[in-house]
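[1] show me the folded form of this:
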Amino acid sequence: MSKAPHKCNGPDEHREKCLEHVVFAVDHLREMRTLLKQPERLSKPILYACLDSFLVYYRCLAEFFSMRSSEKRHDADRAVAQDYCPSWSVRSFRETDRVNVRLSHISCEREYLSADWFCEPLADEIERAYREFYALLDDKWKPRFPEALPTLAGHSVASPGVSTLIGPAIASTSYRNTFSVIAPMQFPDERRNEEEH
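    Model (predicted):
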């Protein structure tokens, strides 16, 4: 399917049209983070759906904060933080490559990447960037973005004291004592490795 033609008449209209999608991504990541704090309340299919959704929007926002406006020449329709805040300094995010491989593509490379996800550090990473971004917004844009979450003891208010590990079963009791561990169904490469042993 070919891309639909761009309908935006200039950068101002582009920013306006993309704003609602940026706002949705921030709100949605926060909602998924809240649900994933209590995995025992979710059925396995719902848990997987929430995790996938969390990771998709983590990736979307990581790209939003890490891409320069000047890098958009091959995809001018994409929205980035510098569109709304030209003084924004881009930064890198630690798990975007793994999300791309494990979630966005089917490849042999999946076999060599962990299927375990600690969602709280990823969410905190986005919230720190968002908090800095929100502080730099001018009066035109700031009222139209979700408020930044305040921090408490080095974490955003939404962050609990422990991180939930979502991934294959962890046999180590030390992990079980440290984290709330849940064991969803295994990925195909993990099942094959067990069968071989």
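[2] for the protein, longest helix please?
    Across the chain, the helix with the greatest residue count (assigned by DSSP state H) is helix 11-36.
[3] just the strands in the chain please.
    Counting by DSSP state E, the segments of the chain that form strands are 117-118, 151-152, 155-156, 164-166, 180-182.
[4] show me what the longest helix of the chain packs onto, helices and strands only.
    With contacts taken as 3 or more CB pairs under 8 Å, 6 or more residues apart in numbering; DSSP states H and E, helix 11-36 sits against helix 44-66, helix 81-84, helix 119-136. Yep, even glycine has a C-beta here, placed from its N, CA and C like the rest.
[5] closest one to residue 33 among these?
    helix 119-136 (4.6 Å; CB to CB).
[6] quick check: mean pLDDT of that closest one?
    This predicted structure assigns helix 119-136 an average pLDDT of 93.
[7] what's the angle between that helix and helix 44-66?
    Helix 119-136 and helix 44-66 meet at an angle of 40 degrees, taking axes from the mean of the first three to the mean of the last three CA atoms, to 10 degrees as the criterion.
[8] low pLDDT regions in this protein?
    Counting by pLDDT under 70, the chain has low-confidence residues at 1-9, 72-75, 151-197.
[9] quick check: the closest residue to residue 82 other than its chain neighbours vs residue 118, distance?
    Residue nearest to residue 82 in three dimensions, not counting chain neighbours: residue 69, with 4.3 Å by CB to CB, 6 or more residues apart in numbering. If you measure residue 69 against residue 118 using CB to CB, to the nearest Å, the figure is 31 Å.
[10] residue 19 too?
    Here the criterion is CB to CB. By it, residue 19 lies 30 Å from residue 118.
[11] before we move on, what about residue 105?
    In this structure, residue 105 and residue 118 are 22 Å apart, going by CB to CB.
[12] between those two, tell me which one has more neighbours.
    When residue 105 is set against residue 118 and neighbours are counted by other CB atoms under 10 Å, the residue ahead is residue 118, at 15 against 9.
[13] could you give the bridge partners of that one?
    Taking DSSP bridges, one finds residue 165 as the beta-bridge partners of residue 118.
[14] ok, it to residue 68 distance?
    Distance, residue 118 to residue 68, using CB to CB: 28 Å.
[15] give me the buried positions along stretch 60-67.
    Across stretch 60-67, burial judged by 16 or more other CB atoms under 10 Å covers 60-62, 64-67.
[16] just put those in TSV and tack on distance to residue 95.
    Formatted as TSV, the entries for the buried residues of stretch 60-67 read as follows, by distance: CB to CB, whole Å:
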residue	distance to residue 95
60	13
61	12
62	8
64	15
65	13
66	12
67	16
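[17] no further questions, thank you.
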